[in-house]
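> Everything below, folded, please.
(chains A and B)
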Amino acid sequence: MFSSTVKVKIDKSLHERLARVAAAGGYSSTDEFIVHILEKESSKFDETADEAEVEKQLRGLGYIE
Amino acid sequence: MNRIGKAILVAVAFTTLCSCGSGGDEGSNGSARLLFVGMDGMDPVLLRRWMDEGKLPNFKRLADRGDFSPLATSMPPQSPVAWSNVISGGEPGVHQIYDFIHRDPKTYFPYLSTSTIDSPAKDREPYSIGQWQLPLSGELPKLRREGPAFWEVLVENGVDTAVYRMPANYPAAEVDGDGHFHCLTGMGTPDLLGSYGNFTVFTSDPARKVGDVSGGKFVRLVPIDHRAEGTFEGPPNFLRKAVEKKKEVPDMEMPFHVVRDPERELVKISIGDHTLLLSQGEWSDWIQFDFETGIPMSTVLEVMGAPTSIAGMVRLYVKQVHPELEIFATPINIDPTRPANPISVPTRFSADLAAATGLYFTAGIPEHTPEVMQGGLTEDQWFEKATFILDERIGQFRHALKSFDEGCLFYYFGTPDLISHIFWRDQDPQHPGRDPQQGDLYADVIERTYQRMDGIVGEAIDALDDGDTLIVMSDHGFASFRWGFNLNTWLLENGYLVLTPASRQEDVEYLQGVNWSKTRAYGLGLNGLYVNQRGREGQGIVANGPQTRALLAEISQKLLEVRDDRGAAIIVRTYVVADEYPGADPEIAPDLLVGYARNYRASWKTILGSMPKQLVEVNTNRWSGDHCIAADLVPGILVSNRKITIKDPALTDLAPTILDLFGMDVPQGMIGRKILNVD
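Now for the predicted structure:
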């Protein structure tokens, strides 16, 4: 089984910049790098309720600004 | 349902189950009494100075009658660790508390170290009806601290024991034995929302930025014709089913109405059944109310013993009436008369105490320093609040003394610690955050607090008879917090921690963005450094054994060589946990404890896994004193009416000494010594 994929249009010059960063960062392909950063950014919106609660608990402690 | 909702649900179930309680009033052991008073954060240098200057006559009276000594604290010298040493008579390798904050090695995510929430069995899933759910069993908060507790041995052997607000002891747990046991939880007890506390400032001031801040929030109030409406946000509705996908349930709410006098500095506030008039600068008494779930047929359910609401309470302070309306609300505390969480043993004890002494703060750290750190209260307002909290505590101490006929009474005061954290800079001329004008204003606040503690010591001495024992002690001392050290920044700069190419150093929080495949060590908590260990950490790369040991030795050596702009050492000691604490659970414990020099501490950001650009940051925060440094630099105090028999008493010695005072053998696990002359 193959997971389904979609195409995303991206400016060519941006793609070239991303390719350079991906190579410098040791990624095996530009696609891998782009997927990585997209997953990283989107994960910020997937924060679980548990994590949000822990964060709230920790920040009420006084020792943390 | 998120964890807060679960915690509340649990608590309700617990309250229902435990409403029988115990609590006869007869004593069972006729031996001499032990009064054990804990005063968090009192420093031996300050104590000695003010005793010598004649400002603390009762401490001097007690020391002259018996003894006074610095008391070696725990490493790290953090209250949950230190008090766990007191409780267990053992070190962190026994009780497994190493910091305010631990981390999950699989996810690298931090959590509070002393308690958690136990999930219900899978075969006890809630029964669903439409948008509602009826739980068949609850979830219980669970204490993470391990090892023995001195009061367990006392009660098992027939000694009546009361423990008021011992830190790192939430939730309260029953003890089997012939002695009567009463316990009220302290530091570690959450507010009604499940956190250390969340204050609210309702404000119409457009200059005030609204939104969440650390430990609280600012909420817009819009007066129309001098009338305004607001809402207290409660815990999640524990009887509502989670909305699909979002996995969240709505919070319960309590609305309130405010009417402002058009001319005078006076407001009328209506909350539930309560209506009160408050002037500007006036605190309200406790306002009790229920957060209702709104479930249909609630009366029927209540008859069946199923709770349909949660009891909470707040105190309000009118900061300003004109031109802008501004009202401060304390965190919503658990109502001790109808406790939603297990805050006492027997369960009815919290209510009995309220009946005898009035309603009181139940949150574990009621002073809640974020209120002044985030501008919710001014220094004067916060100090006034800290003062009436201390008054409340002294009132309960007197009540406890009245019924102290037998056995052991432990009573905790947290005020010296919180006051020292906030007002240290005012009496430290070299503190970079010190405002000269404010410094003059608050320079004697810590001294005055010590004098209030002195008054308590006087009452304690006078309450005892010949043959009784009085121990007054603190868990650690204090130092100035002038600069913060970014441990994770240092690890990054020295190649022990690596970020992914897409990560910006200054944006990292909770270690997100770390390239774990290239990272060997990371910092979390106030003194903790962890090796990214293969087989333990989720994406570990360093082998356990010689490879880990070599890495720790290398990092230790380099950390001890770090110097600040003045050429002074920032870190004066490091502690390899496996060597210091052979019983340490490697899944929980840090691998290395960082012992900062006086005037330093872990920076504000590094504690939760951030790594700002600057290695050393100037601390201009109101939180200007601290103690999370090398343990030998911040010992606590030990003052007793009995002679201290050794030169280097430590926190771990107290539990064995207490058992010795009652003629009991010390159980396995307690490593401390007997340090008071019992003849």
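> Give the full set of residues in contact with the closest residue to B:Pro501 other than its chain neighbours.
Of all residues not flanking B:Pro501 in the chain, A:Gly25 sits nearest, at 3.1 Å (CB to CB, 6 or more residues apart in numbering or on different chains). C-beta: built from backbone N, CA, C; applies to glycine. The neighbours of A:Gly25, taking CB atoms under 8 Å, 6 or more residues apart in numbering or on different chains as the test, are A:Phe33, B:Thr500, B:Pro501, B:Ala502.
> do B:Tyr108 as well
B:Tyr510, B:Leu511, B:Val514, B:Trp516, B:Tyr522, B:Leu524, B:Glu537, B:Gly538, B:Gly609 are the contacts of B:Tyr108 under CB under 8 Å, 6+ apart.
> How many residues are close by the last one?
Using other CB atoms under 10 Å in any protein chain shown as the criterion, B:Gly609 is surrounded by 25 other residues.
> Hmm, it is touching B:Tyr522, no?
Yes - between B:Gly609 and B:Tyr522 there is a contact under CB atoms under 8 Å: 7.0 Å.
> what residues do the two have in common as contacts?
B:Tyr108, B:Asn488, B:Leu511.
> Is the first one part of a helix or strand, or is it coil?
What DSSP: H, G, I helix; E, B strand; the rest coil gives for B:Tyr108 is coil.
> From one end of stretch B:424-439 to the other, what's the distance?
Taking CA to CA, to the nearest Å, stretch B:424-439 runs 9 Å from one end to the other.
> Rounded mean pLDDT for it, please.
For stretch B:424-439, mean pLDDT rounds to 92.
> Pull out the buried residues from it.
Neighbour-count burial for stretch B:424-439, counted by 16 or more other CB atoms under 10 Å in any protein chain shown, picks out B:Trp424, B:Arg425, B:Asp426, B:Gln427, B:Asp428, B:His431, B:Gly433, B:Arg434, B:Gly439.
> quick one on the thing from earlier: looking at neighbours, which among the contacts of A:Gly25 is most surrounded?
A:Phe33 (22 neighbours).
> Assign the closest residue to that residue other than its chain neighbours to helix, strand or coil.
Spatial nearest neighbour of A:Phe33, excluding adjacent residues (CB to CB, 6+ apart): A:Ala22 at 3.5 Å. At A:Ala22 the chain is in helix, as set by three-state DSSP.
> What parts of chain A come near chain B?
Within chain A, the positions near chain B by CB under 8 Å from any CB of the partner chain are A:21-22, A:24-27, A:33, A:36-37, A:40, A:43, A:49-65.
> Give me the PyMOL select line for those, limited to the buried ones.
Buried residues among these (16+ other CB under 10 Å), as a PyMOL selection:
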select buried, chain A and resi 22+27+33+36+37+49+51+53+54+55+56+57+58+59+60+61+62+63+64+65
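> show me what contacts the residue nearest to A:Phe33?
A:Ser29, A:Thr30, A:Glu32, A:Phe33, A:Ile34, B:Pro501.
> who touches the fourth one in this structure?
By CB under 8 Å, 6+ apart, the contact set of A:Phe33 is A:Leu18, A:Val21, A:Ala22, A:Gly25, A:Tyr27, B:Pro501, B:Ala502.
> B:Ser503 is in contact with the second one, correct?
No - A:Val21 sits out of contact with B:Ser503 when judged by CB under 8 Å, with a separation of 11.8 Å.
> quick one: which of the contacts of A:Ala22 is nearest B:Val321?
B:Pro501 (54.9 Å; CB to CB).
> Please enumerate the helices of the stretch 251-400 of chain B.
Assigned by DSSP state H, counting those that start in this stretch, the stretch 251-400 of chain B shows helices spanning B:298-303, B:349-357, B:370-373, B:379-402.
> Can you report how many residues lie near A:Lys12?
Neighbours around A:Lys12, by other CB under 10 Å: 8.
> correction: B:Trp50
Neighbours of B:Trp50 (other CB under 10 Å): 18.
> Same check on the one 5 residues further on?
Around B:Lys55 sit 15 other residues, with neighbours defined as other CB under 10 Å.
> show me what contacts it?
When contacts are taken as CB under 8 Å, 6+ apart, B:Lys55 is in contact with B:Glu447, B:Tyr450, B:Gln451, B:Asp454.
> likewise B:Ala311?
B:Gln288, B:Phe289, B:Asp290, B:Phe291, B:Ile334, B:Asp335, B:Thr337, B:Arg338, B:Pro339, B:Ala340.
> Derive a PyMOL selection command for the buried subset of these.
A single PyMOL command suffices to select whichever of these are buried according to 16+ other CB under 10 Å:
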select buried, chain B and resi 288+289+290+291+334+335+337+338+339+340
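> before we move on, back to that, same list (the helices of the stretch 251-400 of chain B) but as JSON lines, adding mean pLDDT.
Shown next, in JSON lines, are these (pLDDT from 0 to 100):
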{"stretch": "helix B:298-303", "mean pLDDT": "74"}
{"stretch": "helix B:349-357", "mean pLDDT": "98"}
{"stretch": "helix B:370-373", "mean pLDDT": "96"}
{"stretch": "helix B:379-402", "mean pLDDT": "98"}
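> With adjacent residues omitted, what lies nearest to the residue at minimal distance from the centre of chain B?
The centroid of chain B falls nearest to B:Met187 when counting by CA atoms, centre = their mean (3.6 Å). Residue nearest to B:Met187 in three dimensions, not counting chain neighbours: B:Pro167, with 3.6 Å by CB to CB, 6+ apart.
> Could you give the number of residues near the one you found?
B:Pro167 has 28 nearby residues by other CB under 10 Å.
> Relative to B:Tyr360, how far out is it?
As defined by CB to CB, to the nearest Å, B:Pro167 lies at a distance of 17 Å from B:Tyr360.
> the strands in chain A, which residues?
Using DSSP state E, no strands are found in chain A.
> Run a quick neighbour tally on the residue nearest to B:Gly281 when sequence neighbours are not counted.
Here the nearest residue to B:Gly281 in space, its sequence neighbours aside, is B:Val318; by CB to CB, 6+ apart that works out to 6.7 Å. Neighbours of B:Val318 under the rule other CB under 10 Å: 22.
> Tell me the bridge partners for B:Val318.
In this entry, B:Val318 is beta-bridged to B:Ile327, by DSSP bridges.
> got a list of what it touches?
Counted by CB under 8 Å, 6+ apart, B:Val318 has contacts B:Val267, B:Leu278, B:Ser279, B:Gln280, B:Gly281, B:Glu282, B:Glu326, B:Ile327, B:Phe328.
> if we go to 6 Å?
Residues near B:Val318 by CB atoms under 6 Å, 6 or more residues apart in numbering or on different chains: B:Val267, B:Leu278, B:Gln280, B:Glu282, B:Ile327.
> And it, how far from B:Leu112?
From B:Val318 to B:Leu112 the distance is 33 Å (CB to CB).
> likewise B:Gly458?
In this view, B:Gly458 and B:Leu112 are 36 Å apart by CB to CB.
> same thing with B:Gln374?
From B:Gln374 over to B:Leu112 (counting by CB to CB), the distance is 20 Å.
> Quick check: the residue of the stretch 451-600 of chain B nearest chain A.
Proximity of the stretch 451-600 of chain B to chain A (CB to the nearest CB) peaks at B:Pro501, 3.1 Å away.
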